[in-house]
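**Student:** Sequence first, then the predicted structure, then my questions.
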Amino acid sequence: MNEQPGNTPMFQISRLVKEFNSVPAVNDVTTQIDRGEVVFIVGPSGSGKSTFLRCLNLLEEPTSGEILFKGDVNQFRRHVGMVFQHFNLFPHLTILENITIAPVKTGRSTRKEAVAQAETLLRRIGLYDKRNSYPLQLSGGQKQRIAIVRALVMNPDVILFDEPTSALDPEMVKEVLEVIKGLAHTGITMALVTHEMGFAREVSDRICFIDEGRILEDTTPEAFFSQPSTDRAKAFLDKVL
Ligand code: ADP
Ligand code: MG
């Protein structure tokens with residue numbers, strides 16, 4: 001879907017530090033996310049996962065260190081989509097309006113193009129018949145699938161997911177994970193924070209385990225789940241698996 005020339009990594013992160021009141025939430029993180037890669041970021045609550053994602057999207061300004069996006073520190077982040085735990089849909093807009101407002105307002109697409117693309121994506125996820133409904137009329141799982149479509153309609157190079165299923169009732173988790181899994185197979189670059197370990201193992205190309213703001217393991221899902229190399233990761237997996 002988003003094939004790009006060149007092999008500059010999507011993100012190159014060097015010695016990233018983000019402090020709040022002089023306390024580091026992200027502490028000297030160096031890693032990269034390649035084009036087309038699906039990277040899962042896992043770790044205990046409060047370990048800095050959200051802060052790390054928010055730095056990638058410039059929602060937080062790093063205290064120090066450097067983040068290159070497609071090789072450039074200033075590259076505009078309009079091409080970085082984000083899906084949050086709480087869907088953040090506009091309650092007073094219909095589903096179609098929620099999806100099309102950003103591409104139209106930013107001049108990315110004409111209204112007609114945005115509507116056509118939104119309708120295609122809605123059909124693909126089986127929610128076309130909800131296009132004129134309001135968010136209140138949808139289940140949590142449906143709202144989160146709409147939030148994913150809303151990110152996709154901007155044609156991002158990369159989508160960041162921060163615990164996309166944590167606010168959902170258990171029976172709705174699967175329908176959202178299925179949409180994300182489908183995306184992973186399109187070649188789009190993704191970074192996901194989740195506590196769904198089975199899903200991480202199945203879908204990820206790479207796992208970053210973060211604890212106290214540091215990446216302690218940065219490895220394949222096979223290695224992470226079958227032979228974690230740190231006691232911290234072992235203790236974490238003992239708790240969540
Ligand atoms: P995670 O997503 O892994 O649960 P966070 O990135 O949300 O962790 O938080 C990491 C640490 O940074 C926590 O100690 C949290 O309290 C702190 N933190 C996060 N955001 C802020 C903020 N805006 N102001 C102050 N402290 C923050
Ligand atoms: Mg978080």
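**Tutor:** Okay, I see it. Ligands and ions are numbered 1, 2, ... in the order given.
**Student:** now do the same end-to-end measure for stretch 99-112.
**Tutor:** One end of stretch 99-112 sits 13 Å from the other (Cα to Cα, to the nearest Å).
**Student:** Tell me the buried residues in that stretch?
**Tutor:** Buried residues in stretch 99-112, counting neighbours by 16 or more other Cβ atoms under 10 Å, are found at 99-104, 109. In this view, the C-beta of every residue, glycine as well, is placed from N, C-alpha and C.
**Student:** need the contact list for residue 144.
**Tutor:** The neighbourhood of residue 144, defined by Cβ atoms under 8 Å, 6 or more residues apart in numbering, consists of 83, 87, 164-165, 167-168, 172, 176.
**Student:** tell me the two of those residues that are most distant?
**Tutor:** Set against one another by Cβ to Cβ, the contacts of residue 144 have their most distant pair in 83 and 172, with a gap of 14.6 Å.
**Student:** quick one, which of those two is more surrounded?
**Tutor:** More crowded of residue 83 and residue 172, by other Cβ atoms under 10 Å: residue 83, with 24 against 18.
**Student:** Isn't that one up against residue 156?
**Tutor:** No - the criterion here is Cβ atoms under 8 Å, and residue 83 misses it with residue 156 at 10.4 Å.
**Student:** and the closest residue to residue 134 other than its chain neighbours, what are its phi and psi?
**Tutor:** For residue 134, ignoring the flanking residues on the chain, the nearest one in space by Cβ to Cβ, 6 or more residues apart in numbering is residue 94 at 6.0 Å. Main-chain torsions, residue 94, degrees, to the nearest 10: phi -70, psi 170.
**Student:** The one 3 residues further on now?
**Tutor:** The phi/psi pair for residue 97 (degrees, to the nearest 10) reads phi -70, psi -40.
**Student:** Spit out the contact partners of it.
**Tutor:** Contacts for residue 97 (Cβ under 8 Å, 6+ apart) come out as residue 90.
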